[in-house]
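Chemist: with the sequence up front, the predicted model follows.
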Amino acid sequence: MTTLLGYASLACVAAGLVSAAVVLLVSRSGRLALQAALDLWVAAGLLRLTMPPEWEHLLGAAAIIAIRQLAGAALAHRADREAGGTGGVVRPPLGP
Amino acid sequence: MGGVLGERWLSEAVDLLVRVVEAAGALVIFVGAMVALVRFVVVGLRDRRSRAFVPVRLGLGRFLALGLEFQLASDILRTAIAPTLREIAELAAVAAIRTALNFFLAREIRQERRELTEAGHPRHVDPAHPGGHPA
């Protein structure tokens, strides 16, 4: 089962790279591509946590989660600033 | 003698339950990741809009949250058969990581659902409740 989990984790890492490439090609946004990749790399880290615990895996999973949160917050803050402080949400005009 | 055999049997039974629950969690996470990969590629080829990726990430987040619930359950079960302090410390570290991620994922899912609703997208359909029942 450990071998299967190792391969599954590798597959998730590869999926993250492919997804990031697709998102980058379509949206031309590094932010979205990085978010897509980090989400799938978190899945890889969680699968590694299922294997017999080693401190390297624990630290690796904690690190990827921390990076994901920091990158998400920093990139969201930058996107918010670029959008003029509206949080990137375009609200439809009110009235007729 | 009977008491020792009973303890060993219970320990093995709990160990088996832990493996089954953990395997279920791992399966949910892996399936969610592969579904997300396929959806990223399909949406990227078909839709070609940045906003179209948000529901895909939302769906992946929900799979990860569900897989984490299973893994947290296995962590709780495992505390029943963790005889050494080192194993307890490892368990505590793993449970803390999974709990923190579960918290962050739940918050992000709520936030992205709110953004999708504000942007005028239809409410995300929960695959477990296709009739539109709120999750």
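Modeler: Here it is on my side, so go on.
Chemist: all helices for the chain, in order.
Modeler: This is for chain A. Assigned by DSSP state H, the helices in chain A fall at A:2-27, A:30-50, A:55-82.
Chemist: not quite, I wanted chain B
Modeler: Using DSSP H, helices in chain B cover B:2-46, B:54-78, B:85-118.
Chemist: just the ones you listed: most buried one?
Modeler: helix B:54-78 (a mean of 20; mean count of other CB atoms under 10 Å in any protein chain shown). (Glycine included, C-beta is placed from N, CA and C.)
Chemist: which of the helices of chain B comes out lowest on mean pLDDT?
Modeler: Looking at these, the lowest mean pLDDT belongs to helix B:85-118 (a mean of 80).
Chemist: helix B:2-46 and that helix, what's the angle between them?
Modeler: Inter-element angle recorded for helix B:85-118 and helix B:2-46: 30 degrees (by axes from the mean of the first three to the mean of the last three CA atoms, to 10 degrees).
Chemist: how big is the angle separating helix B:85-118 from helix A:30-50?
Modeler: 150 degrees.
Chemist: which bits of chain A sit near chain B?
Modeler: Chain A comes close to chain B at residues A:1, A:5, A:8, A:11-12, A:15, A:18-19, A:22-23, A:25-27, A:29, A:32, A:35-36, A:39-40, A:42-44, A:46-47, A:49-50, A:53, A:55, A:58, A:61-62, A:65, A:69, A:72, A:87, A:89-92, as judged by CB under 8 Å from any CB of the partner chain.
Chemist: change it to 6 Å
Modeler: A:8, A:12, A:15, A:19, A:22-23, A:26-27, A:29, A:32, A:39-40, A:43, A:46-47, A:49-50, A:53, A:58, A:61-62, A:65, A:89 (CB under 6 Å from any CB of the partner chain).
Chemist: now that we have the residues you listed, which of them are buried?
Modeler: Burial by neighbour count, 16 or more other CB atoms under 10 Å in any protein chain shown: within these this picks out A:8, A:12, A:15, A:19, A:22-23, A:26-27, A:29, A:32, A:39-40, A:43, A:46-47, A:49-50, A:53, A:58, A:61-62, A:65.
Chemist: so for residue A:94, what's the pLDDT?
Modeler: pLDDT, residue A:94: 47.
Chemist: so where's chain A uncertain?
Modeler: A:53, A:79-80, A:82-96 (pLDDT under 70).
Chemist: tell me the centre residue of it?
Modeler: In chain A, the residue lying closest to the centroid (CA atoms, centre = their mean) is residue A:38, at 2.3 Å.
Chemist: for that residue, what are its contacts?
Modeler: Shown in contact with residue A:38 (CB atoms under 6 Å, 6 or more residues apart in numbering or on different chains): residue A:68.
Chemist: quick revisit: between the helices of chain A, which one is nearest to residue B:107?
Modeler: Closest to residue B:107 of the helices of chain A, according to CB to CB: helix A:55-82, at 10.1 Å.
Chemist: now do the buried residues in that closest one.
Modeler: Those would be A:57, A:58, A:60, A:61, A:62, A:64, A:65, A:68, A:72, A:75, for helix A:55-82 by 16+ other CB under 10 Å.
Chemist: sorry, back to before: format the helices of chain B as TSV; extra columns: distance to chain A.
Modeler: Listed next are the helices of chain B as TSV, based on distance: least, CB to the nearest CB, whole Å:
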stretch	distance to chain A
helix B:2-46	4
helix B:54-78	5
helix B:85-118	4
